[in-house]
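>>> mind looking at a prediction? Sequence and model below.
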Amino acid sequence: MYPHERSLVKKLEDKPFALLGVNSDPREAARKAIAREKISWRSWWDGGDTQGPIARQWNVSAWPTIYVLDHEGIIRHKNVRGDELEKAVESLLDAIE
């Protein structure tokens, strides 16, 4: 999963795009994962369990859950991955250009 996200972040570095992460692992495990996976995008820690405040507010019940939001903050896609994720992001970027 992470290699694709890293390449997407690199590919879209000059576009109005941001990848954000939320991690529900215990704090030390989350820190190790960020270092090990070379996660360069902003990532929040959600309290160390699957019932953290961010997961509850966004109704996350499975991990990973992926939301793709448009430039107005509206959820346009949920749980798209790989090529589908890239196409979803690119279509939203095309719409604002």
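On my side now, so go ahead.

>>> Gly21 belongs to a strand?
Yes. Judged by DSSP: H, G, I helix; E, B strand; the rest coil, Gly21 forms part of a strand.

>>> any idea how far it lies from Ile96?
For Gly21, the distance to Ile96 (C-beta to C-beta, to the nearest Å) stands at 23 Å. In this view, the C-beta of every residue, glycine as well, is placed from N, C-alpha and C.

>>> strands of the protein, start to end?
Per DSSP state E, the chain carries strands over the ranges 20-23, 42-45, 67-69, 75-78.

>>> okay if I get these as TSV plus distance to Glu90?
Output for these, formatted as TSV (distance: least, C-beta to C-beta, whole Å):
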stretch	distance to Glu90
strand 20-23	18
strand 42-45	21
strand 67-69	11
strand 75-78	12
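
>>> quickly compare those and say which is most buried.
Stretch with highest mean neighbour count among the strands of the chain: strand 20-23 (a mean of 17; mean count of other C-beta atoms under 10 Å).

>>> can you list contacts of stretch 59-76?
Stretch 59-76 is contacted from outside by 1, 16, 22, 24, 50, 54, 58, 77-81, 85, 88-89, 92, 95-96, using C-beta atoms under 8 Å, 6 or more residues apart in numbering.

>>> can we see that at 6 Å?
Stretch 59-76 is contacted by residues 77-79, 88, 92, 96 when judged by C-beta atoms under 6 Å, 6 or more residues apart in numbering.

>>> what's the farthest-apart pair in the residues you listed?
Asn79 and Ile96 (22.7 Å; C-beta to C-beta).

>>> I'm done for today, thanks for sticking with me.
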